[in-house]
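S.K.: could you look at this predicted model? Sequence included:
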Amino acid sequence: MQKLRFDDAHATKLFEITWVQDQQFRMNPEVVTSLLREQVPVLEFVQWKVNQIDFGGAETVLPLNAQSTNQHFTHQAALQVLAADYAGGVALASLLTGWPILGVHPVESRYSVSLWLLKVDIKFLRPSVADLTVAAKIDPDLHERIQKRFFEGKAVIETINIEFRNGDVPVAEATATYF
């Protein structure tokens with residue numbers, strides 16, 4: 001466990017939270033699903049959800065059904081970009097233990113994190129009409145660098161790989177760049 005370079009007791013307390021403690025609320029899949037659905041109503045409408053959050057990773061499900069698409073590529077693509085954004089954002093947020101994400105978590109102090117999607121590139125491999133598993137995994141070799149830059153107050157710009165699957169069948173692959 002590292003200490004922040006802030007004198008503020010609240011900021012130090014945020015970073016002293018362990019990953020196991022953080023998974024109990026801030027990064028609990030059911031909590032994150034609920035909070036994001038509240039902030040982004042289309043996620044509720046299409047029944048998108050977070051299945052799993054690991055340190056540096058997230059797995060979500062985007063049902064492709066009558067509520068989420070009428071089988072036109074434009075509709076699917078728009079929802080897949082949204083699903084990629086949130087899978088990558090959740091994975092990135094998991095590395096910032098204890099810090100609430102502005103617009104997602106309740107913020108009770110001046111310390112919070114804003115995540116901005118700068119760019120997303122998706123390569124569609126095949127059509128899909130079933131539930132998509134959308135998974136983002138940040139290379140473990142990058143974890144420390146991301147955390148160090150963030151906790152030193154430096155800009156963090158990171159590109160995350162995201163995969164879309166129907167079961168074991170790849171449907172699309174993406175990269176999402178965040179600030």
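M.R.: Arrived safely, thanks for sending.
S.K.: quick one: the helices in this protein, in order.
M.R.: 9-15, 19-24, 29-39, 41-46, 73-94, 140-151 (DSSP state H).
S.K.: Pro106 is nearest to which of these?
M.R.: helix 29-39 (8.5 Å; C-beta to C-beta). In this view, the C-beta of every residue, glycine as well, is placed from N, C-alpha and C.
S.K.: could you list the buried residues of the closest one?
M.R.: 29, 31-33, 35-37 (16 or more other C-beta atoms under 10 Å).
S.K.: highest mean neighbour count out of the helices of the chain?
M.R.: helix 73-94 (a mean of 21; mean count of other C-beta atoms under 10 Å).
S.K.: dump that one to PDB, restricted to CA.
M.R.: Backbone C-alpha positions of helix 73-94 (Å, rounded to 0.1, in the frame of the first residue of the first chain) are rendered in PDB as follows:
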ATOM      1  CA  PHE A  73     -25.700  -2.400 -38.300                       C
ATOM      2  CA  THR A  74     -25.800   1.300 -37.300                       C
ATOM      3  CA  HIS A  75     -27.800   0.500 -34.100                       C
ATOM      4  CA  GLN A  76     -25.600  -2.400 -33.200                       C
ATOM      5  CA  ALA A  77     -22.500  -0.300 -33.800                       C
ATOM      6  CA  ALA A  78     -23.700   2.500 -31.600                       C
ATOM      7  CA  LEU A  79     -24.400   0.200 -28.700                       C
ATOM      8  CA  GLN A  80     -21.200  -1.700 -29.200                       C
ATOM      9  CA  VAL A  81     -19.200   1.600 -28.900                       C
ATOM     10  CA  LEU A  82     -21.100   2.300 -25.700                       C
ATOM     11  CA  ALA A  83     -20.400  -1.100 -24.300                       C
ATOM     12  CA  ALA A  84     -16.700  -0.900 -25.300                       C
ATOM     13  CA  ASP A  85     -16.500   2.600 -23.600                       C
ATOM     14  CA  TYR A  86     -18.000   1.300 -20.300                       C
ATOM     15  CA  ALA A  87     -16.000  -2.000 -20.300                       C
ATOM     16  CA  GLY A  88     -12.700  -0.100 -20.800                       C
ATOM     17  CA  GLY A  89     -13.700   2.700 -18.400                       C
ATOM     18  CA  VAL A  90     -14.500   0.200 -15.600                       C
ATOM     19  CA  ALA A  91     -11.200  -1.600 -16.200                       C
ATOM     20  CA  LEU A  92      -9.300   1.600 -15.900                       C
ATOM     21  CA  ALA A  93     -11.300   2.800 -12.900                       C
ATOM     22  CA  SER A  94     -10.400  -0.500 -11.100                       C
END
